[in-house]
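Asks: What shape does this take:
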Amino acid sequence: MIQQHRKAPSYSKDLDRDSDTNMMLLLFLFGLTLAAASPSDEREVKLQRGNCPMFWFSFNGRCYKYVSTRLTWADAELYCVSQRANLVSIHSLQEQNFVKNLIKNFDHAEGRTWIGLSDTQKELYCVSQRANLVSIHSLEEQNFVKTLIKTFDTAEKQTWIGLSDIHKEGTWMWSDGCTVNFVLWNPGEPNNVGENEHCTHNYLGTDVKWNDINCSHTFNFVCASRTVCP
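Replies: Take a look at the predicted model:
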């Protein structure tokens with residue numbers, strides 16, 4: 001009787017195949033991780049000071065400053081003028097996205113604030129105000145700082161821009177005198193509700209668009225240095 005030798009199961013090949021599959025899966029997940037951390041992510045955009053003064057940031061030859069003090073449109077414009085600038089005028093989607101990133105960088109809605117651990121520029125600002133970045137030495141002090149932050153929380157994410165039709169209803173103009181060559185209104189806007197909405201704010205919701213509103217509201221705002229109109 002001839003004995004037939006059965007071929008042993010190819011466990012090693014199966015293991016190699018499983019190993020290859022697992023390696024491909026790991027590489028795929030690693031790729032996703034890198035993509036998630038990519039500098040192209042909007043939140044990771046680095047603001048550049050360039051040749052701008054301290055606390056101003058550069059984009060296409062202009063300097064921009066986010067101001068977290070809530071003012072009326074007119075008072076915000078006066079402040080910008082005192083800085084040899086105007087409320088920001090926006091002439092392209094790229095500029096709109098830059099302004100959006102500028103606002104997000106200083107937005108406390110995510111609960112992020114600087115304390116006295118690092119960051120030279122913020123510390124220099126505090127020193128210029130005869131102070132320092134806050135140092136926290138107790139839970140009581142931590143809770144006080146938390147309450148202080150909430151008081152000035154910009155969760156509404158609304159900021160003035162320099163667009164208005166104060167001079168003539170329906171004729172929208174930038175406060176720096178430039179022609180309106182780009183708009184990003186919310187659907188149905190501007191609608192002049194109550195015939196008393198003559199100023200524009202930039203609402204940073206999920207779909208970033210502009211809205212006309214009563215000029216007496218108070219919002220944070222963005223100043224931009226004067227420019228040769230496009």
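
Asks: Low-confidence ranges, the chain, go.
Replies: For the chain, residues meeting the criterion pLDDT under 70 lie at 1-45, 107-157, 204-208.

Asks: cutoff 80 now
Replies: Low-confidence segments of the chain, defined by pLDDT under 80: 1-46, 104-158, 203-209, 226-230.

Asks: tell me the domain ranges of it?
Replies: Residue ranges for each domain of the chain read 60-109+157-230, 112-152, as given by automatic domain parsing.

Asks: And the contacts of stretch 159-167?
Replies: For stretch 159-167, the external contacting residues (CB atoms under 8 Å, 6 or more residues apart in numbering) are 66, 71, 73, 76-77, 80, 86-90, 99, 103, 171-176, 180, 190, 198-202, 204, 210, 212, 215, 219-222, 224. Where you see a C-beta, it was placed from the backbone N, CA and C, and this is true even at glycine.

Asks: Okay, buried residues for that stretch please.
Replies: 159-165 (16 or more other CB atoms under 10 Å).

Asks: can you redo the residues you listed as a markdown table with distance to residue 48 and secondary structure?
Replies: Converted to a markdown table, these look like this (distance: CB to CB, whole Å; DSSP: H, G, I helix; E, B strand; the rest coil):
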| residue | distance to residue 48 | secondary structure |
| --- | --- | --- |
| 159 | 20 | strand |
| 160 | 24 | strand |
| 161 | 21 | strand |
| 162 | 22 | strand |
| 163 | 25 | strand |
| 164 | 29 | strand |
| 165 | 34 | coil |
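
Asks: which residues sit in contact with the nearest residue to residue 60 once chain neighbours are set aside?
Replies: Using CB to CB, 6 or more residues apart in numbering and skipping residues adjacent in sequence, the residue nearest residue 60 is residue 95, 7.1 Å away. Residue 95 makes contacts with 59-60, 182, as judged by CB under 8 Å, 6+ apart.

Asks: switch the cut-off to 10 Å
Replies: Counting by CB atoms under 10 Å, 6 or more residues apart in numbering, residue 95 touches 59-60, 62, 64, 88-89, 182, 224, 230.

Asks: could you say which helix or strand contains it?
Replies: Secondary structure assigned from DSSP states H and E places residue 95 in helix 93-105.

Asks: List the buried residues in that helix.
Replies: For helix 93-105, using 16+ other CB under 10 Å, the buried residues are 95-96, 98-104.

Asks: next one: stretch 72-85
Replies: Quick answer for stretch 72-85 (16+ other CB under 10 Å): 72-74, 76-77, 79-80, 85.

Asks: next one: phi and psi at the nearest residue to residue 70 once chain neighbours are set aside?
Replies: Of all residues not flanking residue 70 in the chain, residue 218 sits nearest, at 4.0 Å (CB to CB, 6+ apart). The phi and psi values for residue 218, taken as degrees, to the nearest 10, are phi -120, psi 130.

Asks: Looks like residue 218 contacts residue 75 (just checking).
Replies: Yes - counting by CB atoms under 10 Å, residue 218 does reach residue 75; the two are 8.2 Å apart.

Asks: sorry, back to before: mind putting the buried residues of stretch 72-85 in JSON lines, distance to residue 46 and secondary structure included?
Replies: Listed next are those as JSON lines, based on distance: CB to CB, whole Å; three-state DSSP:
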{"residue": "72", "distance to residue 46": "32", "secondary structure": "coil"}
{"residue": "73", "distance to residue 46": "30", "secondary structure": "helix"}
{"residue": "74", "distance to residue 46": "33", "secondary structure": "helix"}
{"residue": "76", "distance to residue 46": "26", "secondary structure": "helix"}
{"residue": "77", "distance to residue 46": "29", "secondary structure": "helix"}
{"residue": "79", "distance to residue 46": "26", "secondary structure": "helix"}
{"residue": "80", "distance to residue 46": "24", "secondary structure": "helix"}
{"residue": "85", "distance to residue 46": "22", "secondary structure": "strand"}
